[in-house]
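Student: Sequence first, then the predicted structure, then my questions.
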Amino acid sequence: MASTRCTNVVHRPSPVLLLAPRVLPQRHCPVHARHSLAGKIKHSLDFNKKGRLQVIDKLYRQPSREKLESVLADNFKMGEDGYSRKFTKADYINLTCGTVLPAIPDFNWGHACSGDVDDDGFCIVTVQATGHHTGAPLAMPGLDSLPPSGRHFCLAEEVQKVKVVGDKVTEIQVLPNKGAGPRALYAALGGKLPSQAASAAAAAAAAPPLP
């Protein structure tokens, strides 16, 4: 009679195939163009980047009348969707140094920028305004004056397109963001805003798109 032997069968797991992670297409902010190889080469050979970053830093870091007079070109203009006209160097300086800084002495722009220039000639800068209302009353054009309250504010991030020529800023284009800008600042400090419909025409004609 034939004997039956039990054979121990060892089951070894099949080799695991390690797959390389799938690289998804990079998603850009709508204001950023998708850079081709030629664009990347152009940026790598951009020897003016350091200088542009210094100009942008001067524009946003601890703003003062002296700094703005120096960094803004005489033909500077600034615009934002929803506003009927461009604003000048004098408009920018008067609002920043005549309205905002007296009311908010520690007003500051947090800002971030790669220094790269897009095909339209602009750098993309992400900014965020912060500060405390500890100074003079805040008197925004077309709005009731707000007495100092000591309130701290930190507005939403906002994208600004900045054109730098040499050592000067010649143009800023603001991409609107509901949580940033003059109306958001006014509301953050306790101001009651009129309805958008009632104030849109007056605001578009009178209030510069700052801060």
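Tutor: Received, thanks. Numbers count the residues shown, from 1 in each chain.
Student: can you tell me the helix or strand for V162?
Tutor: strand 158-165 (DSSP states H and E).
Student: Please identify the pairing partners of the helix or strand just after that strand and their relative orientation?
Tutor: Next along the chain after strand 158-165, taking DSSP H and E as the criterion, comes strand 168-175. Taking DSSP bridges as the criterion, strand 168-175 forms sheet pairs with strand 72-80 (parallel), strand 158-165 (antiparallel).
Student: tell me the mean pLDDT for the first one?
Tutor: If I follow you right, that is strand 72-80. Mean pLDDT, strand 72-80: 95.
Student: Neighbouring strands of the helix or strand just after it in the sheet, and parallel or not?
Tutor: Going down the chain from strand 72-80, the next helix or strand is strand 87-88, by DSSP H and E. When pairs are called by DSSP bridges, strand 87-88 turns out to pair with strand 72-80 (antiparallel).
Student: Please identify the buried residues of the partner strand?
Tutor: 72-73, 76-80 (16 or more other C-beta atoms under 10 Å). C-betas here are computed from N, CA, C, even on glycine.
Student: What of stretch 53-65?
Tutor: Buried, per 16+ other C-beta under 10 Å, within stretch 53-65: 53, 55-56, 58-60, 63.
Student: Over to stretch 80-87?
Tutor: 80, 83, 86-87.
Student: so E158 makes contact with A112?
Tutor: No: using C-beta atoms under 8 Å, E158 is not in contact with A112; the gap is 11.5 Å.
Student: quick one: which of these two has more around it?
Tutor: Comparing E158 with A112 by neighbour count (other C-beta atoms under 10 Å), the higher total belongs to E158, at 23 against 12.
Student: What's the separation between the more buried one and P102?
Tutor: The spacing between E158 and P102, counted by C-beta to C-beta, to the nearest Å, is 22 Å.
Student: D91 should be in a strand, yeah?
Tutor: No: per DSSP: H, G, I helix; E, B strand; the rest coil, D91 lies outside any strand segment and is helix.
Student: Just the pLDDT at it, thanks.
Tutor: 93.
Student: hey, what's the closest residue to N177 other than its chain neighbours bridged with?
Tutor: Excluding the flanking residues, the one nearest N177 by C-beta to C-beta, 6 or more residues apart in numbering is E158, at 4.7 Å. Taking DSSP bridges as the rule, E158 bridges to V127.
Student: S64 against C97, yeah?
Tutor: Yes: contact criterion C-beta under 8 Å: S64 and C97 qualify, at 7.1 Å.
Student: Please report the distance of the residue lying closest to K77 once chain neighbours are set aside from L146.
Tutor: Leaving aside its chain neighbours, K77 sits nearest to K86 (4.2 Å; criterion: C-beta to C-beta, 6+ apart). The spacing between K86 and L146, counted by C-beta to C-beta, is 27 Å.
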